[in-house]
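Undergrad: What would the 3D arrangement of this be:
(one chain, ligands or ions: 1)
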Amino acid sequence: MSIIQISDLRYQYPASDFQLSINQLSIADSLVAIVGQNGAGKSTLFKLLTGLIQPQKGEININQQNLARLTPEERLRTIGIIFQDPSSQLFNATVEKEVAWSLSQLESDAELIQATIKKALASVGLTKLKDQNPFDLSLPEKKLLTIATVLAINPQIYLFDEPMMSLDWPSQRLVTVLIQHLAQTGHQVIAITHDMDWVAATFPKMVALAAGNVVFEGVPTNFFSCPEPVKKAGLLPPRIMTIAQEVFNDHQVYLTPQDYAEKHLVH
Ligand SMILES: Nc1ncnc2c1ncn2[C@@H]1O[C@H](COP(=O)(O)OP(=O)(O)OP(=O)(O)O)[C@@H](O)[C@H]1O
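TA: Below is the predicted model:
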């Protein structure tokens, strides 16, 4: 399991008042959601974690190694990135070649490459589409293909930007199961998301940002039990909590409908 340590980090865009400012943040859990309203700084943190932009101050260490000093190959093996818009990540002529391209940056054994591609495509249910042009795929299929390209590399950390966005229900389920499997098999998964139902049901840990600062880090139950950080982050609790509050004037924390049922219907 990886540990990401962020210290004294500052990032400001040219000609913008916004500043991302994180004094100390340690991400040491296998499944972590990063949440916050529009403009809170989630994507800026994502870009810093991927090394796409460099902080003006401070540093990000992964397993005590400074991210800025990793070689391109070390970076590929350390952090896999799944962008919000899959089209920005796809440029090969076939689905199979797309997965092969990223893998060939690290591996030269043709047999190993073939076996890995097969496994990665099977994991996301795209085996039958291996000869298709990626641009002919549906949006959920494109997203699953970008995940397969990263699965093939098998990095320590998977960084997802809004993974649920533009996925239909079966693909959302598939991605959730995949993410849980990755976390259970020694990887670290960090996902930026607006989807509080998904966070509450899936993530044991979360970090909330507001106006470029960390306003909460910890378990979802604690986050949703304190209205103050939820309000500060401009977020709503899971829908089941809103229903319980508005219909039954019940202000307890419920992470999922199952959670509600267990507390009320079983006993
Ligand atoms: N390239 C840029 N140049 C100038 N300002 C930027 C740039 N990118 C983002 N910003 C500003 O930085 C702030 C934080 O943006 P960021 O995209 O990190 O927020 P976010 O939490 O990811 O929001 P969203 O949920 O809308 O994606 C916003 O005020 C945004 O307008």
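
Undergrad: Number of residues surrounding the closest residue to E96 other than its chain neighbours?
TA: Nearest residue to E96 in three dimensions, chain neighbours excluded: K130, at 4.3 Å (Cβ to Cβ, 6 or more residues apart in numbering). The way it works is simple: take the backbone N, C-alpha and C, and place the C-beta from them, glycine included. By other Cβ atoms under 10 Å, the residues close to K130 number 15.

Undergrad: Quick check: Y260 vs the ligand, distance?
TA: Counting by Cβ to the nearest ligand atom, to the nearest Å, the separation of Y260 from the ligand is 28 Å.

Undergrad: avg pLDDT for the helix or strand that residue falls within?
TA: Per DSSP states H and E: Y260 is located in helix 257-264. Averaged across helix 257-264, pLDDT comes to 90.

Undergrad: do the same with stretch 50-65
TA: For stretch 50-65, the mean confidence score works out to 93.

Undergrad: List the contacts of it.
TA: 2-12, 22, 44, 47-49, 66-68, 70, 74-75, 78-79, 81, 156-157, 159 (Cβ atoms under 8 Å, 6 or more residues apart in numbering).

Undergrad: ok, P155 touching I82?
TA: No: if you go by Cβ atoms under 8 Å, P155 and I82 don't touch, sitting 10.7 Å apart.

Undergrad: C-terminal to the worst-scoring helix or strand of the chain on mean pLDDT, what's the next element?
TA: Between all helices and strands in the chain, the lowest mean by mean pLDDT, DSSP states H and E belongs to helix 227-232, at a mean of 84. Per DSSP H and E, the first helix or strand lying C-terminal to helix 227-232 is helix 239-248.

Undergrad: contact partners of the helix or strand where N222 lies?
TA: Assigned by DSSP H and E, N222 belongs to helix 220-225. Identification of contacts with helix 220-225 by Cβ under 8 Å, 6+ apart yields 199-200, 203-206, 208, 216, 229-230, 237-238, 241, 253, 255.

Undergrad: just these now: which is nearest S26?
TA: Proximity of these to S26, judged by Cβ to Cβ, is greatest for K205, which lies at 10.7 Å.

Undergrad: Now that we have the contacts of helix 220-225, which of them are buried?
TA: By neighbour count, with 16 or more other Cβ atoms under 10 Å, the contacts of helix 220-225 hold 199-200, 203, 205-206, 208, 216, 229-230, 237-238, 241, 253, 255 as buried.

Undergrad: So Q54: helix, strand or coil?
TA: coil (DSSP: H, G, I helix; E, B strand; the rest coil).

Undergrad: how far away is it from G125?
TA: Going from Q54 to G125 by Cβ to Cβ, to the nearest Å gives 37 Å.

Undergrad: Only the buried residues of the helix holding Y260, if you could.
TA: Of the residues in helix 257-264, 259-260 count as buried by neighbour count, 16+ other Cβ under 10 Å.

Undergrad: Show residues contacting that helix.
TA: Under the criterion Cβ under 8 Å, 6+ apart, residues 240, 244, 252, 254 lie in contact with helix 257-264.

Undergrad: circling back: and the least confident helix or strand of the chain, what does it pack against?
TA: When contacts are defined as 3 or more Cβ pairs under 8 Å, 6 or more residues apart in numbering; DSSP states H and E, helix 227-232 packs onto strand 205-210, strand 213-218, helix 220-225.

Undergrad: Which of those has the highest mean neighbour count?
TA: Sort these by mean neighbour count, taking mean count of other Cβ atoms under 10 Å, and strand 205-210 sits at the top with a mean of 23.
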